[in-house]
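> Next come a sequence and a model predicted from it.
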Amino acid sequence: MNTDLSTEGITRTFVEYFEERGHHRITGSTLLPPPGDPVLFTTSGMHPLIPYLEGRPHPLGDRLVNVQRCLRTTDLEEVGDPTHLTVFEMLGTWSLGDYEGPQSLTWGYDLLTEGLGIDPGLLHATVFGGDDQVGPDTASLEVWQERGVPVELTVEDNWWPNGQTGPCGPDSEIFLWTGDTPPRSTPTGDDRWVEIWNHVMMRHRRLPDGSLVPLPQRNVDTGLGLERLASLLQGGTSVFDCDVFTPWRRLVPALWPLDEGSLRLVCDHLRSAMVVIGDGVRPANTGRGYVLRRLVRRLLTALWRDDSTRGVGDLPDELFLHTRDHFRQEMDTDDVRRVLCEEERRFRQLLERGRQILARPRFRGPLDEETLHYLHDTHGLPRDLVLSLREE
């Protein structure tokens with residue numbers, strides 16, 4: 001059993017386990033997706049691999065493993081809860097037309113229980129129950145039944161990605177019980193079941209009209225959230241308790257006394273902004289630059305709620321260096337600090353201008369949608385900023 005349950009230890013155990021089973025490690029890309037990908041940032045390990053899932057031969061073969069840093073803007077409002085981060089790392093494996101779902105699930109179960117020492121009695125699985133286009137995933141169901149793992153059948157929750165065009169298929173998700181009582185209910189019935197690993201049987205392509213056609217090959221695409229699993233194995237109650245946040249937990253509260261919710265948001269957004277800047281993005285009013293700008297403004301809003309004199313320039317060098325080293329970046333940490341400080345200066349100026357504009361008689365009453373659009377289009381004041389200033 002692996003006794004090193006640090007994020008580095010878990011990563012090493014994961015990669016070596018699949019290398020021993022014929023997988024070749026590929027280098028995870030930056031947060032910037034490959035040319036032609038419509039998403040702003042890489043949201044999962046599969047994004048750089050779409051051409052190979054669709055049939056192009058991969059130069060390293062048909063069994064792959066990697067560690068991919070990801071960013072999901074869709075989870076931004078949920079950051080601060082026990083399971084969500086803006087930037088996180090995904091451990092992934094792929095079978096490109098080689099083995100199928102049952103083999104992937106078998107290896108996954110063995111790695112979790114034997115390689116990482118998880119009690120099998122704390123696991124639960126969900127499996128695709130079938131719809132009017134595709135039948136139930138009986139092969140996955142049989143794997144879990146043979147191992148005595150309880151299974152819940154769902155439809156929408158076990159099809160990935162749901163509703164989007166492109167490569168897709170039924171999936172089987174593995175959940176870990178986090179409650180302080182014996183396991184009870186099911187993953188859809190009790191949120192103490194936390195999803196840790198998704199195995200997608202990627203066999204179909206969804207067309208714009210909603211119909212499905214077979215992919216040239218039957219693939220398996222899996223993704224396991226590193227920080228989420230590490231926090232659970234390390235006995236934490238949230239992703240902010242895992243070891244990658246240890247220096248943040250030690251240094252930030254000493255610098256800025258914050259309530260727990262604000263502390264989580266500030267640490268997550270600062271860390272994420274550092275990684276985004278390190279991957280070459282700079283603040284802007286559109287696209288990737290706007291996501292970065294929004295991260296910085298959200299963290300500053302939380303930071304200044306009790307004390308407007310706080311500034312990112314006060315952050316210890318250790319946090320910049322720790323983030324750079326953990327994500328294996330080559331960024332100049334002084335340059336990252338400079339970008340953050342410059343964006344902070346711009347935001348202070350915007351806040352002051354916003355207060356002056358909103359003090360005008362025409363904006364003192366309730367603000368309707370037309371007025372909010374006017375403030376954005378004419379004065380460059382985003383809706384969330386306006387509403388925040390009105391609450392002061």
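The structure has been received and is ready for your questions. Residues are numbered from 1 along each chain as shown.

> Just to be sure, Leu351 is in a strand?
No: the secondary structure assignment for Leu351 gives helix rather than a strand, going by DSSP: H, G, I helix; E, B strand; the rest coil.

> burial measure for it, as a count.
Using other C-beta atoms under 10 Å, Leu351 has 20 neighbouring residues. Any C-beta I mention is one placed from the backbone N, CA and C, and that applies to glycine too.

> How about it: what's its closest non-neighbour residue?
Leaving out its chain neighbours, the residue that sits closest to Leu351 by C-beta to C-beta, 6 or more residues apart in numbering is Leu389, at 7.1 Å.

> name the helices or strands packed onto whichever strand or helix holds that neighbour?
Leu389 is located in helix 383-390, with elements delineated by DSSP states H and E. Where contact means 3 or more C-beta pairs under 8 Å, 6 or more residues apart in numbering; DSSP states H and E, helix 383-390 is packed against helix 333-358, helix 369-379.

> hey, least reliable of those by pLDDT?
Note on the helices and strands packed on helix 383-390: lowest mean pLDDT is at helix 369-379, with a mean of 86.

> got the angle for that one vs helix 333-358?
Computed by axes from the mean of the first three to the mean of the last three C-alpha atoms, to 10 degrees, the angle separating helix 369-379 from helix 333-358 equals 130 degrees.

> Flag every buried residue along helix 369-379.
Leu375 (16 or more other C-beta atoms under 10 Å).

> before we move on, what about stretch 196-212?
For stretch 196-212, burial by neighbour count (16+ other C-beta under 10 Å) applies to Ile196, Trp197, Asn198, His199, Val200, Met201, Met202, Arg203, His204, Arg205, Arg206.

> try stretch 63-77
Residues of stretch 63-77 classed as buried under the neighbour-count rule (16+ other C-beta under 10 Å) are Arg63, Leu64, Val65, Asn66, Val67, Gln68, Arg69, Cys70, Leu71, Arg72, Thr73, Leu76.

> Need these in TSV (columns: pLDDT and secondary structure).
Rendered in TSV, the data for these read as follows (pLDDT from 0 to 100; DSSP: H, G, I helix; E, B strand; the rest coil):
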residue	pLDDT	secondary structure
Arg63	98	strand
Leu64	97	strand
Val65	97	strand
Asn66	94	strand
Val67	94	strand
Gln68	93	strand
Arg69	93	strand
Cys70	93	strand
Leu71	94	strand
Arg72	87	coil
Thr73	84	helix
Leu76	80	helix
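
> so which of those would you say is closest to Ser272?
Closest approach to Ser272 among those (C-beta to C-beta): Leu71, at 6.8 Å.

> which residues does that closest one contact?
Contact criterion C-beta atoms under 8 Å, 6 or more residues apart in numbering gives Leu31, Phe41, Thr42, Thr43, Thr86, Val87, Ser272, Val275, Val276, Val291 as the residues in contact with Leu71.

> what's the spacing between the fifth one and Thr74?
By that I understand Thr86. If you measure Thr86 against Thr74 using C-beta to C-beta, to the nearest Å, the figure is 10 Å.

> same thing with Asn162?
Separation of Asn162 from Thr74 (C-beta to C-beta): 12 Å.

> who's in contact with Phe14?
For Phe14, the residues meeting the contact criterion (C-beta under 8 Å, 6+ apart) are Val65, Leu91, Leu111, Leu224.

> contact partners of stretch 372-381?
Under C-beta under 8 Å, 6+ apart, the answer for stretch 372-381 is Asn285, Leu350, Arg353, Gly354, Ile357, Phe363, Leu367, Pro382, Arg383, Val386.

> Could you provide those in JSON lines, with additional columns for neighbour count and distance to Glu173?
Formatted as JSON lines, those follow (neighbours: other C-beta atoms under 10 Å; distance: C-beta to C-beta, whole Å):
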{"residue": "Asn285", "neighbour count": "9", "distance to Glu173": "38"}
{"residue": "Leu350", "neighbour count": "16", "distance to Glu173": "42"}
{"residue": "Arg353", "neighbour count": "13", "distance to Glu173": "47"}
{"residue": "Gly354", "neighbour count": "20", "distance to Glu173": "44"}
{"residue": "Ile357", "neighbour count": "17", "distance to Glu173": "48"}
{"residue": "Phe363", "neighbour count": "16", "distance to Glu173": "48"}
{"residue": "Leu367", "neighbour count": "16", "distance to Glu173": "43"}
{"residue": "Pro382", "neighbour count": "18", "distance to Glu173": "36"}
{"residue": "Arg383", "neighbour count": "13", "distance to Glu173": "35"}
{"residue": "Val386", "neighbour count": "20", "distance to Glu173": "40"}
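
> possible to save the residues you listed as a markdown table with distance to Arg297?
Converted to a markdown table, the contacts of stretch 372-381 look like this (distance: C-beta to C-beta, whole Å):
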| residue | distance to Arg297 |
| --- | --- |
| Asn285 | 12 |
| Leu350 | 9 |
| Arg353 | 14 |
| Gly354 | 12 |
| Ile357 | 17 |
| Phe363 | 20 |
| Leu367 | 19 |
| Pro382 | 8 |
| Arg383 | 12 |
| Val386 | 12 |
